[in-house]
Each structure stands twice: as C-alpha cells, then as structure tokens.
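Visitor: Based on what follows, work out the 3D shape:
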Amino acid sequence: MINQINIKDIIGIAKEAGSAIMQVYKQDFDVEYKHDKSPLTLADKNANKIIEDGLKELPFHIPILSEEGRNIPYDERRHWEYLWLVDPLDGTKEFVKKNGEFTVNIALIHKNAPVLGVVYAPALGVCYWAKEHEGAFKNGQRLPIKPKSESGIYKIVASRSHMSNETQTFINSIKTDKEKKLISIGSSLKICLVADGGADIYPRFSPTMEWDTGAAHAVVNESGKSLHGIKNGENIDHKYNKQNLLNQWFIVK
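Guide: Now for the predicted structure:
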C-alpha cells in the first residue's frame, strides 16, 4: 500500500490545509472550547475538511482518524491495517497566540507504527516529510542537518504551553558535562527539532494524543533518531491506534 502513495500528494494536501489556516490566522477569529477545554477555531475545521477530502480523493481507500473528525469506536478501528492519522491544526494555543508555532500533521500508520508523515508549519514556511525507507526531509534537505557548531551546549526541547513538574525533574536529572540550554517551541515542531539536529533531546512527561505525534514520529524514524515511550522507568514502543488514543510519556533523542 505505501508504495502506491506519492509523498508529494500528501505534502500538497497539507499545504492546501495550511493556506486555509493562514486565511483565518490573518483575521480576527472566534475561539470555541471543546469538552477537554482545548481551543477550537474555524481554521481547525476548515483544514480538517480539506485534508479529509484530499485523502478520500486518492486512488485507494484508507480510513481516517482525525482529531476534528468523527469519534470512531475501537471495535471498528482495531481491524484497520492502515489508517491516516490527522491533526489538522496542532498547536491551536500557539495559533490563538499568533506566534506561528503550529503545524498540520498527516501520518500514515501501518500496524500501530508510523510509516509516512508530513508536518507543515504554514506561518514559518517549513515542511518536514518522511516515508519509510526513503529518508526524512526539511524543505527538501535530507535530515539530519548538521547543526551550527555549539559543541559545549546540550539542547533540550520543552513545550511552550505544557511544561510539567515531571518534565522539569527529568531535565534536572540529565547528566552532561555540557551547558544545558532549554528551547521552548510549540506543536510537533519540538519533535522535528530533534529530528533535524537542532536539539539533542525532547522529554514529554505530560499528556499528548496520538495525532500530536504520529507524523513527526515518522520524520524522527527516518532521520535516524528515536521516539520511545516511558512506563515505570522503562523504554517501551510508542504505538498507535490504541484503544485509548492518549499517548504515554515519551522521549525523543
């Protein structure tokens, strides 16, 4: 199935959704709040429609699981070998703050693992993509990118909106002879920053959902880095299409 997918088609869908997001971003807009108190805007809804319509037009049928789509029972989902995992606007809080640090996330999941991903940050003009066995890229440049020399710095990525006490405790416990430098950024750009070589590690010890990580996880895998879950202090596989779509804590490095 994955061999039939042209990654350029998925990039095109993500960029079309990004254009719709930017149309709303440049205007005054209303903010609704969902049952979990997370924000929702017209940009989320418009982008979701574009992505779902675009994926459905591809010449093969793969079911879609989207943050802003319909709630699909696990009894139906668990039989899926492939699925599209979508967050049409990851980082809505950053979108509302208008700091540009939000993304469109589209991932292809095969048997609980990401095999293709596109992460597009329309306000920043940055697009990451990856396809299994074909490498990972940032605006066409293969990852990882050799970072500018900062040999004495150990760069740690943290969430701009969701720093937890557990994450801070982990950061404090990191043993390194280098000077620790904290980088705060929104959305799945945190994961991508490790993938492209701009940071050394991203610990996330606070809640995220599968659609927050799927696309960037594919980029990480193809860049030669790793994303693994943490449970009771042990590394575990970070799986997708679980009964509970809430991610466990994880580390990207």
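Visitor: For residue 141, the count of nearby residues, please.
Guide: 10 (other C-beta atoms under 10 Å). All C-beta spots, glycine's among them, are computed from the backbone N, C-alpha and C.
Visitor: which secondary element of this protein has the worst mean pLDDT?
Guide: Sorted by mean pLDDT, DSSP states H and E, the helices and strands of the chain end with strand 39-40, the least confident at a mean of 80.
Visitor: neighbouring strands for that strand, and are they parallel or not?
Guide: strand 32-33 (antiparallel) (DSSP bridges).
Visitor: as a whole number, average confidence for the partner strand?
Guide: For strand 32-33, the mean pLDDT works out to 82.
Visitor: Tell me which residues are up against that strand.
Guide: Here strand 32-33 makes contact (C-beta atoms under 8 Å, 6 or more residues apart in numbering) with 39, 40, 41.
Visitor: Mind giving me the packing neighbours of the helix or strand that comes right after the least confident helix or strand of the chain?
Guide: Downstream of strand 39-40, the first helix or strand assigned by DSSP states H and E is helix 42-56. Contacting helix 42-56 under the criterion 3 or more C-beta pairs under 8 Å, 6 or more residues apart in numbering; DSSP states H and E are the following elements: helix 7-25, strand 64-66, strand 82-90, strand 103-110.
Visitor: which residues touch residue 170?
Guide: Contacts of residue 170 (C-beta under 8 Å, 6+ apart): 203, 205.
Visitor: Flag the shaky bits of the stretch 151-253 of the chain, pLDDT-wise.
Guide: Applying pLDDT under 70 to the stretch 151-253 of the chain picks out residues 160-162.
Visitor: ok, now how distant is the residue of the chain positioned farthest from its centre from residue 151?
Guide: Computed with C-alpha atoms, centre = their mean, the residue of the chain farthest from its C-alpha average is residue 177, at 30.5 Å. Applying C-beta to C-beta, to the nearest Å, the value for residue 177 to residue 151 is 11 Å.
Visitor: per-domain residue ranges of this protein.
Guide: The record assigns the chain these domain ranges, following automatic domain parsing: 2-142, 153-252.
Visitor: Run the chain-centre distance for the longest one.
Guide: Looking back up the chat, that one is domain 2-142. 9 Å (C-alpha atoms, centre = their mean, to the nearest Å).
Visitor: still on that earlier bit, among the contacts of strand 32-33, who's most crowded?
Guide: Of the contacts of strand 32-33, with other C-beta under 10 Å as the count, residue 41 tops at 19 neighbours.
Visitor: isn't that residue right next to residue 30, touching?
Guide: Yes. Counting by C-beta atoms under 8 Å, residue 41 touches residue 30, with 7.1 Å between them.
Visitor: okay, how far is it across stretch 85-104, tip to tip?
Guide: 11 Å (C-alpha to C-alpha, to the nearest Å).
Visitor: Could you give the average pLDDT over that stretch?
Guide: So the average pLDDT for stretch 85-104 ends up being 94.
Visitor: Would you mark the buried spots in it?
Guide: 85-95, 100-104 (16 or more other C-beta atoms under 10 Å).
Visitor: residue ranges of the helices in the stretch 101-250 of the chain, please?
Guide: Assigned by DSSP state H, counting those that start in this stretch, the stretch 101-250 of the chain shows helices spanning 165-173, 189-195, 210-222.
Visitor: Including distance to residue 253, could those go into a markdown table?
Guide: Formatted as a markdown table, these follow (distance: least, C-beta to C-beta, whole Å):
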| stretch | distance to residue 253 |
| --- | --- |
| helix 165-173 | 12 |
| helix 189-195 | 7 |
| helix 210-222 | 9 |
